[in-house]
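S.K.: predicted model and sequence follow; I will ask about them next.
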Amino acid sequence: MKFSFFHLMPWTELTEAPEEWPTPNESYDPIKGKELYDRYLGTMARAEHCGFDWVAANEHHFSPYSLMANCNLVGAALAQRTSTIKLAMLGNLLPLLNPIRVAEEYAMLDVMSGGRLVAGFVRGIPHEYIAYNVSPDESRPRMKEALSLILRAWTEPEPFGWEGEFYQYRSVSIWPRPYQKPHPRILMSASNDESAEFVGQFPSMVGMTLIIDLDIAANTLDCYRRVRAAHGYETTPEDVLLSQQTCIADSDEEARAHMTEALKYFHRILMRPQQDAQRIVLQKTRFFDDDRQREFFVKRLNTLKGRTLDEQIEAGSVICGSPRSAIKQIRRLHKVLGAGVINVNMKIGNMPNQVVDRGMELFRDEVRPALRDL
């Protein structure tokens, strides 16, 4: 089993929930922001020395929820601060971006790091489309065409033209080409059967976030495996990544106390403007193919927010507890869902940095050694 250390780079200085989206940035302090970036990048680089196989970043816009508007900048910084750990960009919001630019930046990261890139491509969450003024109705077909274009740009040694529905290029020949052959490992996210079917069509790992029920997650992953098999791809545990909000402390009681407070800030402060923007998008656009998908998305967010911490642990939504408890919870995820990569987010909301540091140490010294047999 492999482990990924994920960081959302949250803004931790709010005292009350923003009342609108986009969140006004008048309270942003660039001096404090510089301190946070220095701290966060140092923490992410330290993951290499704490036994993690990957260090992971992603992309969000117009919100204190995350200060990471471009995860590729973070990846470039980490390429210079680390030497062996995989750099997982999870990922670029492909329907919102120029796919040739994404192909080039990912190729640069792969070469700069000596072939350590994991290339994530995601549709994003609904409100990101408001931020970049792109129609949510076109998100899935844009995603499919952009990914096909990127794969060709990475592997085609001669200049080629592209005349698609959304993208047109007279001649494409990127420099540099990726370090890994034929291209970096790619990963896309799936939270329901429709997205699992989409991901399974490509040579891609699947990533799952915000698990609300292990049985539902297992069915979605079964769908992914069936579609992959139909397209000639074999699925192993290393093709399945699960993202988990995580707190590991010296005791269950300490971990639960820290996680409870951090989740309050995460859901009540950071997620408040996000949810308002998402509600508008879901009401006015066809971001989802049908009402069933839309209802599932809304239900998932509301369910997680309304559950007790113990209920979230039981549902497989979070990892929380002493090293012994964390080991037990990870073994369960591996057994039920067949996951070979666990992507842990320890900086949840305003979780104290010393708690994150201690959790990384406990992972290195007690959790990772106990799971080497998986």
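M.R.: On my side now, so go ahead. Numbering: from 1, shown residues only.
S.K.: contacts only, for residue 9.
M.R.: 36-37, 40, 57, 66-68, 74, 347 (Cβ atoms under 8 Å, 6 or more residues apart in numbering). All C-beta atoms are positioned from the backbone trio N, CA, C, and that covers glycine.
S.K.: are we agreed that it is in a strand?
M.R.: No - going by DSSP: H, G, I helix; E, B strand; the rest coil, the assignment for residue 9 is coil, not a strand.
S.K.: lowest average confidence, helix or strand, in the protein?
M.R.: With mean pLDDT, DSSP states H and E as the measure, the helix or strand of the chain carrying the lowest mean pLDDT is helix 291-306 (a mean of 64).
S.K.: touching, residue 267 and residue 305? I think so.
M.R.: Yes - taking Cβ atoms under 8 Å as the contact criterion, residue 267 and residue 305 are neighbours in contact, 4.9 Å apart.
S.K.: just say helix, strand or coil for the residue nearest to the spatial centre of the chain.
M.R.: Centrality entry for the chain: nearest residue to the mean C-alpha point is residue 90, 4.4 Å, by Cα atoms, centre = their mean. Reducing the assignment to helix, strand or coil with three-state DSSP, the entry for residue 90 is strand.
S.K.: got the contact list for it?
M.R.: For residue 90, the contacting residues are 6, 56-58, 71, 118, 120, 122, 187, 189, 207, 343, taking Cβ under 8 Å, 6+ apart as the criterion.
S.K.: please apply the same query to residue 149.
M.R.: Taking Cβ under 8 Å, 6+ apart as the definition of contact, the neighbours of residue 149 are 99-100, 103, 162, 164, 167, 172.
S.K.: give the buried subset of those as a PyMOL selection command.
M.R.: Selection of the buried residues among the contacts of residue 149 in PyMOL, burial being defined by 16 or more other Cβ atoms under 10 Å:
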select buried, resi 99+100+103+162+167+172
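S.K.: make a markdown table out of the contacts of residue 149 and add distance to residue 227 and secondary structure.
M.R.: Conversion of the contacts of residue 149 to a markdown table gives the following (distance: Cβ to Cβ, whole Å; DSSP: H, G, I helix; E, B strand; the rest coil):
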| residue | distance to residue 227 | secondary structure |
| --- | --- | --- |
| 99 | 23 | helix |
| 100 | 28 | helix |
| 103 | 25 | helix |
| 162 | 26 | strand |
| 164 | 23 | coil |
| 167 | 25 | coil |
| 172 | 28 | strand |
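S.K.: between the contacts of residue 149, which is closest to residue 143?
M.R.: Distance from residue 143 was checked for each of the contacts of residue 149 by Cβ to Cβ. The minimum falls on residue 99, at 9.7 Å.
S.K.: who's in contact with the spatially closest residue to that closest one that is not a sequence neighbour?
M.R.: Taking Cβ to Cβ, 6 or more residues apart in numbering as the measure, residue 99 lies nearest to residue 146, with 3.8 Å between them; neighbours along the chain are not counted. Listed by Cβ under 8 Å, 6+ apart, the contact partners of residue 146 are 94-95, 97, 99, 102, 121, 166-167.
S.K.: good, we can wrap up now.
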